[in-house]
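# sequence first, predicted coordinates after that:
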Amino acid sequence: MARLLIAAVAASALACAAVGLARAEDGASAPAHQEWSFQGVFGTYDEAALQRGFQVYHDVCSACHPLKHLAYRDLEAIGYTPAQVKGIAAQYQVTAGPNDQGQMFQRPAQPSDMFVGPFPNDEAARAAENGALPPDLSMVVKAREGGPDYVYGILTGFVKAPAGFKETPGTYYNATFPGHQIKMPPPLTADGQVKYTDGTKATIPQMAHDVATFLSWASEPNLDERHRIGFRVILFLVVAVGVLYAAKRRVWSRLH
Amino acid sequence: MAPPGPGAANGRITRWIDYRLPFVKVMHHELYEYPTPRNLSYWWNFGSLAGAMLVIMIVTGIFLAMYYTPNADLAFDSVERIMRDVNYGWLLRYIHMNGASMFFIVVYIHIFRGLYYGSYKYPRELLWMLGVVILLLMMATAFMGYVLPWGQMSYWGATVITNLFSAIPGVGHDIVTLLWGGYVVGNPTLNRFFSLHYLLPFVIVAVVGLHLIALHTHGSNNPLGIDHKGPGDTIPFHPYYTVKDSFGLAVFLLIYAVIVFYAPNFLGDPQNYIPANPLQTPPDIVPEWYFLPFYAILRSVPNKLFGVILLFSAIGVLFILPWLDTSPVRSAKFRPVYKKIFWLLVIDVLALGWVGAHPPEGIVVTVGRIATFYYFLHFLVLFPLIGKLERPRPLPLSIGAAVLGGGSVPVAERG
């Protein structure tokens, strides 16, 4: 057993060393760590925070940022009823067709449709946004070092530039953004910018935290299930390790 | 429940089959009776773990391929669809994605075990060389698999690595065009990589078959590195090693499951969740961790062609290892000097990994050059030299004597 432990520890140490080595350089100015309900072995998404976060996305972010890997039906997973989802979808128009006359036509989006973006294409987005392309947010939490901390850091990072910092025209100083010059104007500017339906006070940090939670869910919608199944799998394997160790001891005792 | 007799073909049907195709007989011989040294340590578990990983990768890969679309415009979205809409698609994909890392961890430990205990030496030279072939095939498969999600790191990794071949004088550019299926990394590249990524694992299966045949010809090496000579030295594979391997597998799966369920993206690069964009180079292009030492060797010289030659030599040198080692003794247990430099090599490879993960500036370059120099020094100079100069410690007479100790046969006092 001792030898196996050494082998297992060596194996994990080697893996961690390799990854640690690979990681060492990455986070030059890592965003400050926040508390998230979905961290840790038993972590799950907070449904109320997800709905508030969706409100922030809906009222603020979606003016420029698409969320193209999500369908409206996915919102049922964060607690909206099918009727509510239908209502949300119906706020948007999608091009459908061709109809029996061979014509394309506009119709209200349905729950099965993917989220309708603010711009018809990237070129339209650039034209409207002064040359900058607002990235799709479906995977933003997985696609940035720091994950939700990064998103939170960007949204709360619009502070006064330190004295002597040369800002390029058309950019904004952001403490978290690499290089500190971001083309996105501060999206969350005032407390109460979003009217939360659940009565939570919509401070800027609150809105940033909620929308980062929502975007984490958008990046990793199966996290709750993954944590739940994982716990059972690991429990099973712990028992299997015990049983097989006992079996091994017993079989090998014949040799001694 | 009674153990089957010789040949194990007892039932009428098995006897009928075995007379025509000795399947049961061979399996019984190779997996049941197969005489195995009684003193194998847990370091010998990694061979069967590698086999298990190969099966896991092929099975999950086959299911992923049912949903994946190898088209430059659709690949990224199809992977996201697997993650979101395919039932347990996220599980399959996380098992497969992290499986590559687990496979390499297991295989690297397996290789270092072979190095420590001299498993590459007579009469196991071909066994070792087939192992190196498997490593090469695994590297090609892993590289092409990483390209398939068509994220930023997929695209730029593919660009950098395929470009290496352009360093070959004369035919280099033609080879690159052939690899790309065009003049840039694009849809044809993705298509052929998908095709090869599906093919190569089955080539690996075939070479693993040869690896096993070679293994079973002379049997496993063991921590003492001495041949097994009689029944006192070996035990049947089943149940002793089947149960030991099962136990090892369960421990391994436990570690694997922790990563898959609680840190599935820890080993990956966040950049690969951004769709490939040929117009935007990521801040730094870093290969997956398992390629970092080789990447460091590649970058250790300013000349591209020389770097590529060093890269291939780093693996090529493993092929000729059995003939570089001049020591008559296999196991490092009895080789006081080799034992020390073995750990030096481990540190050297970890240092190369560290170098590979960092932009080549300042101290990183220096460390990279020293570590690369030592890597080749180790195999090309120290290996032959130490084998000749070192005075090995006395070997035990037999495995049985060493394991059971204090028995009738005393430990040899030789040398």
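Arrived safely, thanks for sending. Numbers count the residues shown, from 1 in each chain, chains lettered A, B, ... in the order given.

# from here on, contacts and neighbour counts on C-alpha atoms
Will do.

# what's the first helix or strand after whichever strand or helix holds residue B:350?
Per DSSP states H and E, residue B:350 falls inside helix B:336-356. The first helix or strand that comes after helix B:336-356 along the chain, using DSSP H and E, is helix B:363-377.

# what packs against that next one?
Helices and strands touching helix B:363-377, as assessed by 3 or more C-alpha pairs under 8 Å, 6 or more residues apart in numbering or on different chains; DSSP states H and E, comprise helix B:292-299, helix B:336-356.

# could I get the CA-only coordinates of that helix as PDB?
Written as PDB, here are the backbone C-alpha positions of helix B:363-377 (Å, rounded to 0.1, in the frame of the first residue of the first chain):
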ATOM      1  CA  ILE B 363      16.800  33.100 -17.900                       C
ATOM      2  CA  VAL B 364      14.300  30.800 -19.600                       C
ATOM      3  CA  VAL B 365      16.600  30.600 -22.700                       C
ATOM      4  CA  THR B 366      19.600  29.800 -20.600                       C
ATOM      5  CA  VAL B 367      17.800  27.100 -18.600                       C
ATOM      6  CA  GLY B 368      16.400  25.700 -21.800                       C
ATOM      7  CA  ARG B 369      19.800  25.400 -23.400                       C
ATOM      8  CA  ILE B 370      21.400  23.800 -20.400                       C
ATOM      9  CA  ALA B 371      18.500  21.400 -20.000                       C
ATOM     10  CA  THR B 372      18.500  20.500 -23.700                       C
ATOM     11  CA  PHE B 373      22.300  20.000 -23.600                       C
ATOM     12  CA  TYR B 374      22.000  17.800 -20.500                       C
ATOM     13  CA  TYR B 375      19.200  15.700 -22.100                       C
ATOM     14  CA  PHE B 376      21.400  14.600 -24.900                       C
ATOM     15  CA  LEU B 377      24.500  14.400 -22.700                       C
END
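
# any chance of the helices and strands packed on helix B:363-377 in CSV, plus mean pLDDT?
Converted to CSV, these look like this (pLDDT from 0 to 100):
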stretch, mean pLDDT
helix B:292-299, 96
helix B:336-356, 97
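
# any idea which of these is most buried?
helix B:292-299 (a mean of 25; mean count of other C-alpha atoms under 10 Å in any protein chain shown).

# does whatever helix or strand residue A:217 lives in reach chain B?
Element membership for residue A:217 (DSSP H and E) is helix A:204-219. No. Applying C-alpha under 8 Å from any C-alpha of the partner chain, one finds helix A:204-219 separated from chain B by no less than 9.3 Å.

# elements contacting that helix?
Helix A:204-219 sits against helix A:47-59, helix A:148-155, with contacts defined as 3+ C-alpha pairs under 8 Å, 6+ apart.

# low-confidence ranges in the chain?
Went with chain A since none was named. Flagging of chain A using pLDDT under 70 yields the residue ranges A:1-29.

# other chain: chain B
B:1-9, B:405-415.

# which residues in the chain form strands?
Going with chain A. Ranges of strands within chain A are A:93-96, A:105-108, A:172-173, A:181-182, based on DSSP state E.

# let's do chain B instead
B:35-37, B:234-236.

# number of nearby residues for residue B:171?
Neighbours of residue B:171 under the rule other C-alpha atoms under 10 Å in any protein chain shown: 11.
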